[in-house]
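Student: Dropping the sequence and predicted coords here.
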Amino acid sequence: MCTFILAFQAISMILFSTMASIKGIMCQFKYFVRLQKIIIEEEAMLLAWNDQKTKEIYTKHTKYSKKLSKFFLLAAGLAASVLVEMGCTNSYKVYKMEKRVNVSLEKPLPLKLWYPWDKNRYHILTIMSQFLDIAVTAFYVAVAQIFTTTLLIFLRAKLQIMQHQFRNFDRNFNNRDIITNGVETVRMLCVKHQNLIELINSVNEALRNIIFVEFSMSSVMFAAGILQVIAGQDLLLNIEFSISMISFLMLLAWNANEIREQSSKLAMALYESKWYEQKHNTKAIIHFMIIGCQKPLSINIGPLGPITVDAAMSRIRLAYSYSSVMSGEK
C-alpha cells in the first residue's frame, strides 16, 4: 500500500475518534440535559391529548425512531465486532507463526496507537485495551447518532401534529368546546406555533456544532474507506465502515430536511381549514399566521447553511473526488 494511503488511514482513524469524543462530550452538556427535559414535558402533553389522530402521528414517528436506533446500534456494533475479530485473527496467526519458527515477531494490533509500554511484550494487555477503546467508541458513536436523529424526528412529529391542528382548528382537541370561540382557538394555536419555533431554534443551536463536526470530517473518513477498499486492505471492515458512514450521513440529512419540508406545509394546512366560516377578526389572525408560516424552519450545519439531502450528497461527491485523485496517484 502506498505511503499516502497509510497516512490517510491514520488521519481517518484520528478524525473518527475525535468526532466520537466531541459528540459524546457535547451530548453531556447541561444545555442538552435541559433540552431533554423540555422534550420530555412536550411528549407528556402530546400523550395527554384525547385526539386520536395526534396520537397516531406521534406513535408512527416513535416506531420510526426506534427502528433507526436499532439500526445505529447494529451498524456500530457490527463495525466494532469486525475490528475485534480482525485483531483476534491476526494475533492468532502471528502466535502460530512464532511457535513454528521459534522467533519473537512483531504482534499485530487492530489500531495503530502509541502506548507508554512495550506493545510486543505486553501484547495481551495492549490488545484488550484496544478492544475496550473500540467498544466505547462504537457506543459513543451510536448514542450520539441516536440522540441527534431522535431530536429531529420529534420535531418532525410536532410539525405534522401542528399541521393537523391547523387544518382542523375548529375541532375539539382537549375535551373543551372551542368551536364557540374561534379567536381564542386561533390565538392558542398561534402561541403553540411560536413555542415550536423556539424549540426548533433551541435544537438548532444545540446541534449545529455537532452537525458541523460530522459534515466537516465525513468526507475525509469516507474517502479513506474507499481508498482502502480500492487498495484491497481489510475489505470487510472498510466496506462496512463506508456503508455506515453514508447511511448515517444520509439519514441525518433526510430527517433534518424533513423539518424544512414539513414546516413549509403549515401555511397550506391553515389554508385548507374552514377559515372561511370564521368571523372577520379570526380570519385576520389566520391571514397573518399564513404569512408567518411562509418561511420554512431548518437545522443548520453551523455557519454553512441548512442541512438538506443535496448537502449530504455533496459531501459524498467530495469524498469520491478525494478518493479518485488519490487512487490516481498510486
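Tutor: Here it is on my side, so go on.
Student: Show residues contacting stretch 294-309.
Tutor: 152, 159, 197, 200, 203-204, 207-209, 211-212, 215, 250, 252-254, 256-257, 259-261, 263-264, 267, 311 (Cβ atoms under 8 Å, 6 or more residues apart in numbering). The way it works is simple: take the backbone N, C-alpha and C, and place the C-beta from them, glycine included.
Student: what's around K265, how many residues?
Tutor: By other Cβ atoms under 10 Å, 18 other residues sit near K265.
Student: actually A253, not the one I wrote
Tutor: 23.
Student: if you skip the residues just before and after it, what's nearest to it?
Tutor: In this structure, A253 finds its nearest non-sequential neighbour in A312, 3.5 Å apart by Cβ to Cβ, 6 or more residues apart in numbering.
Student: The one you found contacts L249, correct?
Tutor: Yes - counting by Cβ atoms under 8 Å, L249 is a contact partner of A312 at 5.1 Å.
Student: Now the common contact residues for these two.
Tutor: Joint contacts of A312 and L249 (Cβ under 8 Å, 6+ apart) are F215.
Student: Show me the helices in the stretch 51-200 of the chain, by range?
Tutor: For the stretch 51-200 of the chain, helices defined by DSSP state H, counting those that start in this stretch occupy the ranges 52-101, 123-167, 182-230.
Student: my guess is I286 contacts H280, does it?
Tutor: No - with contact defined as Cβ under 8 Å, I286 does not reach H280; the gap is 10.8 Å.
Student: Any regions of the stretch 51-200 of the chain where pLDDT drops low?
Tutor: Within the stretch 51-200 of the chain, the ranges that satisfy pLDDT under 70 run 98-106, 108-114, 171-182.
Student: again, 50 this time
Tutor: 174-180 (pLDDT under 50).
Student: ok, now the stretch 201-330 of the chain?
Tutor: Those would be none, if you go by pLDDT under 50 across the stretch 201-330 of the chain.
Student: Tell me which stretches of it form helices.
Tutor: According to DSSP H, counting those that start in this stretch, the helices that the stretch 201-330 of the chain contains are 235-263, 266-271, 280-292, 309-328.
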